[in-house]
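Visitor: with the sequence up front, the predicted model follows.
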Amino acid sequence: MKVSKLAANLIGSEIVKIGNEVNDLKAKGAEIANLTIGDLNSNIYPIPALLKEEIQKAYQNNLTNYPPANGLLSLRKEVSKDLKTRWNLDYSPNDILITAGSRPLIYAVYKTIVDEGDKIVYPTPSWNNNHYAYLTSANAVEVKTKPETNFLPTADDLRPHLDGAVLLALCSPLNPTGTMFTREQLSEICELVIAENKKRGSDEKPLYLMYDQIYSNLTFGAEHVDPVSLFPEMKEYTVYIDGISKCLAATGVRVGWGFGPAHIIDKMKALLTHVGAWAPKPEQEATAKFYENPENVNVFVEDFKGKLEESLKVLHGGVQDLKAKGLSVDSIEPMGALYLTIKLDYIGKTKPDGAVIENSSDLVFYLINEAGVALVPFSAFGEDKSEPWFRASVGGLAVDEIKVMLPKLENALNNLK
């Protein structure tokens with residue numbers, strides 16, 4: 001049966017494919033250490049108790065009709081105050097748009113800025129930019145990054161590609177790597193964006209920067225930096241993506257916010273009125289109440305990210321122990337978010353049954369079946385399947401489960417020849 005060209009050529013999510021395999025095996029009784037999903041086990045990491053109470057109260061008070069298209073004013077006011085207190089960013093409530101998590105915001109940024117055939121630039125690995133580029137029929141320029149720069153693009157990497165581009169998509173802390181821009185790295189990139197925009201005439205579309213900082217509160221000692229704090233003139237070109245999904249362990253609560261130039265935010269709001277991607281009114285009301293006292297956020301985040309950091313350190317230490325034993329593995333010390341970047345250099349090796357591990361997907365499914373360990377290959381984030389790098393998310397496992405998993409991973413890798 002015929003469908004639209006767009007639908008016919010959509011690429012399914014590799015993460016979902018791996019997740020389905022894991023769920024099928026679990027249903028059959030297998031024990032799988034699921035390090036695939038950028039989500040949180042809500043029994044290990046519940047949302048703040050006060051936030052839960054306020055959500056329940058909002059439902060009891062029958063706040064179940066439509067919210068305003070750009071979000072409750074009470075929440076936008078609290079977000080505005082938090083941005084000023086936390087990052088010294090000045091954005092009025094009218095410059096802020098509330099949606100059901102960050103995905104609708106990213107989609108709306110693309111649809112608001114990018115015309116068919118417009119040039120956009122993003123690094124690989126990165127989360128879902130390839131899919132949003134496809135959905136907007138953009139001319140996508142993928143800039144391959146290197147482990148030596150923590151898989152973050154440098155100004156030198158980006159410089160050859162920004163001429164004529166209308167959108168540069170960046171994320172820090174980065175999904176999938178958990179690494180972060182330094183002040184110097186991001187400053188050099190911002191200088192490129194400013195210089196590029198100075199070259200353009202008033203009749204030309206600017207080069208906008210979409211800056212995804214959804215993990216900005218989940219950092220482990222490293223300084224989170226953002227474009228407008230570094231260069232105030234970046235304010236007219238930068239659209240931020242943020243929200244509570246990660247920092248409050250509230251992935252399913254679906255409250256995100258974007259902020260940026262009023263003319264962009266207004267068009268994003270208009271677009272999303274036709275999509276209906278607003279966050280539920282009770283959850284918005286509860287988030288506003290929770291943010292009224294900044295200590296609510298600070299106390300929860302400090303405890304939560306401490307637990308994530310402990311899990312990541314255990315996993316990173318375990319991989320480094322395997323490396324010391326002579327296995328062909330490595331990992332990059334985590335700086336933020338939920339993720340550890342792991343290298344498993346076993347592509348081309350032979351399994352006990354004689355079959356060859358031909359690519360990163362083969363290795364993923366071998367480890368699921370032989371070690372009960374599920375990872376996401378960087379091919380899910382725009383890299384080639386020949387790359388031996390993987391994302392491990394610790395949000396779904398307790399520390400003890402990670403410790404139990406490591407010997408199983410060691411044994412399965414040792415069985416490859």
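Guide: Structure's in. What do you need? Computed from a predicted structure; not experimentally measured.

Visitor: for the closest residue to residue 328 other than its chain neighbours, what are its contacts?
Guide: In this structure, residue 328 finds its nearest non-sequential neighbour in residue 345, 3.9 Å apart by C-beta to C-beta, 6 or more residues apart in numbering. C-beta coordinates here come from the backbone N, C-alpha and C atoms, glycine included. Contacts for residue 345 were tallied using C-beta atoms under 8 Å, 6 or more residues apart in numbering; they are 328, 329, 330, 388.

Visitor: where's residue 345 relative to residue 63, distance?
Guide: Look at residue 345 and residue 63: by C-beta to C-beta, to the nearest Å, they are 53 Å apart.

Visitor: got it, and residue 11?
Guide: 39 Å.

Visitor: give me the more crowded residue out of those two.
Guide: Using other C-beta atoms under 10 Å, the more surrounded residue of residue 11 and residue 63 is residue 63, with 18 against 8.

Visitor: now residue 233: closest residue in space, sequence neighbours ignored.
Guide: Distances taken as C-beta to C-beta, 6+ apart put residue 194 closest to residue 233, at 6.0 Å, once the chain neighbours are dropped.

Visitor: could you do residue 397 as well?
Guide: residue 33 is the one closest to residue 397 (C-beta to C-beta, 6+ apart), at 6.0 Å.

Visitor: show me the contacts for that neighbour.
Guide: 372, 373, 374, 397, 401, 402, 404, 405, 408.

Visitor: residues of the helix or strand hosting the fifth one that come out buried?
Guide: Counting by DSSP states H and E, the element that carries residue 401 is helix 399-414. Buried positions in helix 399-414, judged by neighbour count with 16 or more other C-beta atoms under 10 Å: 399, 401, 402, 405, 406, 408, 409, 410, 412, 413.

Visitor: so which elements touch it?
Guide: Secondary-structure packing of helix 399-414 (3 or more C-beta pairs under 8 Å, 6 or more residues apart in numbering; DSSP states H and E): strand 33-34, helix 294-324, helix 360-371, strand 373-374.

Visitor: how about residues contacting that helix?
Guide: Outside helix 399-414, the residues touching it (C-beta under 8 Å, 6+ apart) are 33, 310-311, 314-315, 318, 321-322, 325, 327-329, 344, 346, 366-367, 370-373, 394, 397.

Visitor: pLDDT of it, averaged?
Guide: The average pLDDT for helix 399-414 rounds to 97.

Visitor: skipping its backbone neighbours, what lies nearest residue 45 in space?
Guide: residue 249 (4.3 Å).

Visitor: ok, that neighbour - contacts?
Guide: Contact partners of residue 249, counting by C-beta under 8 Å, 6+ apart, are 40, 42, 45, 46, 47, 48, 304.

Visitor: thank you kindly, that will do.
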